[in-house]
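**Q** Sequence first, predicted model second:
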Amino acid sequence: MDKDELCKKILELEPLIRFSGLINTNGRLIAGGMKPGFESLEDARDDEMMYMELVLRAKMRREFDKVLGPVKFAMSYRDKLIIMSFPVNENILLISVEKEIDFSKLPFKILELINH
C-alpha cells in the first residue's frame, strides 16, 4: 500500500481521527495530513518542531530494541487530544485523535493496516 493510501485508510477508520501523516527521518511530512473538517491546534512552525521531536524520540527508543523488542506504537494522552506514533519502515506514522476515542482498540486496528 502506498504512503498516501495508508494515511487515507487510517483517517477512514474512525470519525474522531484528526490527523494521519507519515514523517520521514528528517522530520518532514511526506504523506497524509489533517482530516477535512478539523483544524490543527498548532501553527505550521510548531508542527515542524513536533515532527523533529517525534523522530528523535523514535530513534532513542530503538536503543532498547535488543532487550525489550521493537516498539510497535507509542501514545501520549494530552489535555486536548491523544497522539500516537507507529514506526513504518524508516518513517513514523503520526496519528492524532479526539480524547473520546477508544484508545485501547484503535492502535491495534492501525497496526493491522500497517502490517497488511
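**A** It's in.
**Q** Please make it C-alpha for all contacts and neighbour counts, starting now.
**A** Fine.
**Q** Is the residue nearest the centre of the chain bridged to anything, and to what?
**A** Nearest to the mean C-alpha position of the chain, counting by C-alpha atoms, centre = their mean, stands Leu94 at 1.6 Å. Leu94 has the following beta-bridge partners by DSSP bridges: Gly21, Ser85.
**Q** Kindly list the longest helix within this protein.
**A** Among the elements of the chain assigned as helix by DSSP state H, the one spanning the most residues is helix 44-61.
**Q** hang on, the earlier thing: I figured the residue nearest to the centre of the chain hits Asn24, correct?
**A** No. At 10.6 Å, Leu94 does not count as touching Asn24 under the criterion of C-alpha atoms under 8 Å.
**Q** Select the helix or strand of this protein having the lowest average pLDDT value.
**A** The element with the least model confidence among the helices and strands of the chain, by mean pLDDT, DSSP states H and E, is helix 44-61, at a mean of 86.
**Q** ok, and what's touching it?
**A** Residues external to helix 44-61 that are found in contact with it (C-alpha atoms under 8 Å, 6 or more residues apart in numbering): 23-29, 71, 87, 92.
**Q** what's the answer for stretch 109-116, then?
**A** 6, 9-10, 72, 86, 88.
**Q** same question, stretch 73-90
**A** Against stretch 73-90 from outside (C-alpha under 8 Å, 6+ apart): 24-25, 58, 71-72, 92-99, 107, 111, 114.
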